[in-house]
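Trainee: Could you work out the structure for the sequence below:
(one chain, ligands or ions: 2)
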Amino acid sequence: MIATEILKIDPQRPDSRSIARAARVIRRGGLVAFPTETVYGLGADALSIKAVKSLFKAKGRPADNPLIVHISSMDDLDRLVVQIPDKARLLMDRFWPGPLTLILKKSEAVPNVTTAGLDTVGIRMPNHPIAKLLIQYANTPVAAPSANISGSPSPTKFEHVFKDLYGKIHMIIDGGSTYYGVESTVVDVTVDPPAVLRPGAIPLEAIRRVVGKVSVNRFGREGELRSHQTPKSPGLKYKHYAPKTKLIVVEGALDKVQSRITELIRVFTKSGLRVGVLAMRGAYAHGIVRRVGNGTFPSIARDLYSGLRDLDNMGLDVIIAEGIRARGLGWTIMDRLRRASGGNIIKVS
Ligand code: TXA
Ligand code: MG
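Mentor: Ligands and ions are numbered 1, 2, ... in the order given. Presented below is the predicted three-dimensional model:
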């Protein structure tokens, strides 16, 4: 058990003494959870082998899943990578700082533990006042996976981080809710056309507008669990974002989805099971309904992991999630739900 210090920082007016205090913990090889515009991250000095190893341990993360290295200015970039292709430049100009991670050829400066032995490194420049200042004050690139126990839904609120990591890390910065609620979009720019390895807060269509053609990972597009495939992004092979409760996703046209879910609630309830519904647009008269968002994709994304966590804490036997149209941010939302379900997907038409 580690004594975890909790530090409340107002993202609107981040107190520089508090930020400096958190930055010192990172400088000394410690672990600090902090808010970003996507989800909370668990930060460690990306260049310290020891710090990165302890980060993997705290999260229970498999050692073959590489970390994203966070920077606060373009000056940080040169020592971390050996080459920046033109299309990478275009994406950086358009989306940094922001929820985009670029996979680039790594330099010697980045330890192998950080990249799980790959010769590439994921780099992101976050756009959140606390994250930006923390990295700047730490004066070192900060490796930061989502601040959850490996496999569970990413944290979008301080309370989520607290539940997963209190007693396992040195500090948690409470900076309120994150903005997007889903992780950064991961784009591999070491290949041409660039490959979208993980859909995220920046929709696929927006990436295409900047670089034209991109290739898309099959898993992400179809949401199928293909355990025999070797994914380009090692993180993609694990069951992810998942509640402990069994999760079923029902996909299709809204009216069909709604009637199938209503039917499932009836059947499950009749056999004595406690059913929860993660609802986005439909209406349900029975079961325990947790509505996420107010109907728009951004609002659903922002509330998605909270919704999953809330239902997971209610001692239910099964959660049924309503599918939505997998376009734009909807694709990211569906990618997460499909993975969280471990392949329990019902398609209705
Ligand atoms: O929004 C985000 O990206 C958040 C915040 C904290 O910045 N971070 C995050 O990190 O989601 P994590 O570790 O939960 O997810 C990182 C993903 C994994 O799927 C990992 O496999 C992939 O990025 N990744 C990292 N480095 C890679 C590399 N060199 N090649 C391919 N995939 C990589
Ligand atoms: Mg994660």
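Trainee: For Gly212, give me its contacts.
Mentor: When contacts are counted by Cβ atoms under 8 Å, 6 or more residues apart in numbering, Gly212 touches Pro193. Quick note: C-beta positions are derived from backbone N, CA and C, even for glycine.
Trainee: what's the first-to-last distance across stretch 94-103?
Mentor: Distance between the two ends of stretch 94-103: 16 Å, counting by Cα to Cα, to the nearest Å.
Trainee: can you check stretch 34-52 too?
Mentor: Using Cα to Cα, the end-to-end distance of stretch 34-52 comes to 16 Å.
Trainee: do stretch 289-298 as well
Mentor: Start-to-end span of stretch 289-298 (Cα to Cα) is 20 Å.
Trainee: ok now it, how far from the chain's centre?
Mentor: Relative to its chain's centre, stretch 289-298 lies at 18 Å (Cα atoms, centre = their mean, to the nearest Å).
Trainee: so how far is Ile169 from the nearest residue to Gly167 once chain neighbours are set aside?
Mentor: Leaving aside its chain neighbours, Gly167 sits nearest to Met1 (4.8 Å; criterion: Cβ to Cβ, 6 or more residues apart in numbering). Using Cβ to Cβ, to the nearest Å, Met1 is found at 11 Å from Ile169.
Trainee: How about Pro203?
Mentor: Distance from Pro203 to Ile169, by Cβ to Cβ: 32 Å.
Trainee: now Ile288
Mentor: For Ile288, the distance to Ile169 - Cβ to Cβ - is 32 Å.
Trainee: who has more neighbours, the two?
Mentor: Here Ile288 and Ile169 are set side by side on neighbour count (other Cβ atoms under 10 Å), and the busier one is Ile169, at 25 against 15.
Trainee: How about the contacts made by the more buried one?
Mentor: 2, 4, 30-33, 42, 58.
Trainee: just to revisit the earlier point, quick check: pLDDT value at the residue nearest to Gly167.
Mentor: According to the prediction, Met1 has pLDDT 90.
Trainee: Number of residues surrounding it?
Mentor: 6.
Trainee: for the one 10 residues further on, same thing?
Mentor: Number of residues near Pro11 (other Cβ under 10 Å) recorded here: 17.
Trainee: Where do the helices of the stretch 151-300 of the chain begin and end?
Mentor: Under the criterion DSSP state H, counting those that start in this stretch, helices of the stretch 151-300 of the chain are mapped to 158-165, 204-211, 218-222, 254-270, 297-312.
Trainee: Can you check what angle separates the last one from helix 158-165?
Mentor: What that stands for is helix 297-312. 50 degrees (axes from the mean of the first three to the mean of the last three Cα atoms, to 10 degrees).
Trainee: So Ile288 sits against Ala279, correct?
Mentor: No - at 10.3 Å, Ile288 and Ala279 do not qualify as touching, with contact defined as Cβ atoms under 8 Å.
Trainee: Touching stretch 42-58 from outside, list them.
Mentor: Residues outside stretch 42-58 that contact it (Cβ under 8 Å, 6+ apart) are 26-27, 29-34, 59, 61, 63, 67, 69-70, 109-111, 113-114, 134, 138, 140-147, 165, 168-169.
Trainee: Kindly report the same for stretch 82-101.
Mentor: With Cβ under 8 Å, 6+ apart as the test, stretch 82-101 has contacts from 37-38, 68, 74, 77, 102, 104-107, 122-127, 132, 180, 183-187, 189-190, 192, 194, 198, 200-202, 207, 210-211.
Trainee: Contact residues of the stretch 101-250 of the chain facing ligand 1?
Mentor: Neighbours of ligand 1 within the stretch 101-250 of the chain, by Cβ under 6 Å from any ligand atom: 101, 103, 115, 118, 120-122, 124, 126, 144-146, 183-184, 186, 197-198, 233-236.
Trainee: which of those are buried?
Mentor: 101, 103, 115, 118, 120-122, 124, 126, 144-146, 183-184, 186, 197-198, 233-236 (16 or more other Cβ atoms under 10 Å).
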